[in-house]
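Undergrad: build me a structure from this.
(one chain, ligands or ions: 1)
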Amino acid sequence: MVYSQTITVFSGISAHSAGIINFMRVAVAVPPITDFYFSPPRNSAIGAATVVRALQLAGHKADLFNFMHIGRKTHTVPLPEKISYLSEILTKNEYGLTAFFSDYKRIGPDPIICAEKLVAANPDAIWISCFAFAYSDDAIVLADAIRKIDNSIAITIGGGGPSALPAYFLRNDSIDAVCIGEVEAGIENLFAQASRSNDFFTAENSMLFIPVVMPPHRGTIRISLSLTRGCPKHCAFCSNFITQGRKFRQTPFQKVQEEIIRIAQDPLAASHSVHFAFEDDNILLDTEYFYAVLNCIQRIFPGATFSAENGLDYLLLTEKVIDRLIDFGITQFNLSVGSTNSGTLTTQCRVHDYKKLKKILSYIHTKKIKIILYFICGLSEDTPESIVDSLLTLSKLPVEVGISPFYAVPGLSGFEKTDLFLNNPAYLCKGSSLFPWNKSLTSRQLMTAFRLARLVNLCRHPAQDKELLNTCFQSENIFTRVREKSLKKLVPAEACDTSMIHRFFQNYT
Ligand code: SF4
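TA: Numbers count the residues shown, from 1 in each chain. Next comes the predicted model:
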């Protein structure tokens, strides 16, 4: 390995490592996170893997510690103080198809254990990856745990969270520096505190492309990848522009092809089915480019399947595009409608066409491929009534409903003032915190909407739990399943909003 890069450490910024360093050993850490739930396939940590590669290319020795994988296990932890309002509306020990969540968990080992592992690797610096502002507190807890054991290791934090509000981290004594925005532009300033302007984004030719191969699961290898960055649209509820900007950029095709060929040399890939999980935010902005990549994948991995995890823009779908995507092996269509209310979408600057959406959904439905249609609940224009009406509208479409409770991110329209975030814990920004950011629905109403969305999906698949479905409709109430000692029983879900439930059952057809 060639250690050629010289890094200048800015005096007064890191008390731990001032001076000129020719190369470093850097541990890149993905902290354990706390939440009610985190989908294991979303643990790929592409961002952290990209940091590792960027550091290696800059001549450093970098190792990845993904504690969400290393730990694997989840541990129940107390509900954080500022979301204790949820304890009044949770139903204990519930599970099943109309359930919310009952236990707050840590996904990964205790932060002290993570810190010990990191320090034992004897790095010169530790880079903590924080992919979303909502998980900032988990990243800071890890930094504090490291600092307690070793006061000499320089700690940098980067990712979507720090990019949204660097000051949330820089006020913490355990953190030496924050890397804002894309890593390629900031790697040479490993210890520079938030030094880059927010409107600088990596040129296409310099963009690193790091597909992450996940461990085999049920005979399939899942490869997470992101080909593009940025989106020129201005949906007011979307925070993508904060880290990736509004210019759509693609990884050069040649680079993508080389990486796919490289993956094919992995013996694991040769002996398993392969699924490509694209993490792009608006990949259809250049459909021909996407086809070229999918074509390359099919050439190298005949029969591979794929999904667009962050959704496809239905405005860019046509029957021809849908047919091509099916031919290339798409396993389900994840689409986002934002809201079913045209006035709300206009206020949110979301370009929409409900007539086109219905046409697209009917066409995909004829192909017998699953569709999940996501909508946001808790936008400023929403009311409890409009949300129930949206669910009733969605229940008539050939889709499964994905409900996303609205959460704020510093920098979103209406949430530009940093004081709000500096004076509150970032965990309020998790969707599962059901915090009433816009005061349009209360936490209780957000939870009721969540359960109703699940009930709509159960109506689509009644065989999954006929008893639960019949009980809900016979009683015109939301029931849920609970475990009590060795007993499993049906009970009314606690603390639902009765007017919303009444409106739903009165109007469901
Ligand atoms: S189209 Fe998607 S990625 Fe683009 S701004 Fe809207 S929500 Fe964000």
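
Undergrad: distance between the longest helix seen in the chain and the chain's centre?
TA: Counting residues, the longest helix found in the chain (DSSP state H) is helix 443-460. Remark: helix 443-460 is offset 21 Å from the chain centroid, using C-alpha atoms, centre = their mean, to the nearest Å.

Undergrad: CA atoms only: put it into CSV for me.
TA: C-alpha atoms of helix 443-460 as CSV (Å, rounded to 0.1, in the frame of the first residue of the first chain):
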residue,chain,number,x,y,z
SER,A,443,-49.1,11.6,18.3
ARG,A,444,-52.2,9.6,19.1
GLN,A,445,-53.7,10.5,15.8
LEU,A,446,-50.5,9.6,13.9
MET,A,447,-50.5,6.2,15.7
THR,A,448,-54.2,5.7,14.8
ALA,A,449,-53.4,6.4,11.2
PHE,A,450,-50.5,4.0,11.3
ARG,A,451,-52.8,1.2,12.6
LEU,A,452,-55.5,2.0,10.0
ALA,A,453,-52.9,1.8,7.2
ARG,A,454,-52.0,-1.7,8.4
LEU,A,455,-55.7,-2.6,8.6
VAL,A,456,-56.1,-1.5,5.0
ASN,A,457,-53.3,-3.9,4.1
LEU,A,458,-54.9,-6.7,6.1
CYS,A,459,-58.1,-6.1,4.1
ARG,A,460,-56.1,-6.7,1.0
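
Undergrad: please report how far residue 317 lies from residue 258.
TA: 29 Å (C-beta to C-beta, to the nearest Å). C-beta: built from backbone N, CA, C; applies to glycine.

Undergrad: who has more neighbours, those two?
TA: The neighbour count for residue 317 versus residue 258, taken as other C-beta atoms under 10 Å, is higher for residue 317 (22 against 11).

Undergrad: so for the more buried one, what's the pLDDT?
TA: pLDDT recorded at residue 317 is 98.

Undergrad: show me the contacts for it.
TA: 284, 360 (C-beta atoms under 8 Å, 6 or more residues apart in numbering).

Undergrad: need the phi and psi values for it.
TA: phi -90, psi 140 (degrees, to the nearest 10).

Undergrad: the ligand contacts on the stretch 101-250 of the chain?
TA: Residues of the stretch 101-250 of the chain lying close to the ligand (C-beta under 6 Å from any ligand atom) are 231, 233, 235, 238, 240.

Undergrad: give me the nearest residue to the fourth one, chain neighbours excluded.
TA: Read that as residue 238. The shortest distance from residue 238 to any non-neighbouring residue, by C-beta to C-beta, 6 or more residues apart in numbering, is to residue 231 (7.5 Å).

Undergrad: next one: the third one
TA: Excluding its sequence neighbours, the residue lying closest to residue 235 (C-beta to C-beta, 6+ apart) is residue 350, at 4.6 Å.

Undergrad: list the residues that contact that neighbour.
TA: Residue 350 neighbours (C-beta under 8 Å, 6+ apart): 233, 235, 236, 237, 338, 339.

Undergrad: roughly how far apart are the closest residue in space to the last one that isn't next to it in sequence and residue 128?
TA: So the one you mean is residue 339. In this structure, residue 339 finds its nearest non-sequential neighbour in residue 345, 5.4 Å apart by C-beta to C-beta, 6+ apart. According to C-beta to C-beta, residue 345 stands 37 Å off from residue 128.

Undergrad: got JSON lines for the contacts of residue 350, with neighbour count and pLDDT too?
TA: As requested, the contacts of residue 350 are exported to JSON lines (neighbours: other C-beta atoms under 10 Å; pLDDT from 0 to 100):
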{"residue": "233", "neighbour count": "17", "pLDDT": "97"}
{"residue": "235", "neighbour count": "19", "pLDDT": "97"}
{"residue": "236", "neighbour count": "15", "pLDDT": "97"}
{"residue": "237", "neighbour count": "21", "pLDDT": "96"}
{"residue": "338", "neighbour count": "20", "pLDDT": "95"}
{"residue": "339", "neighbour count": "24", "pLDDT": "96"}
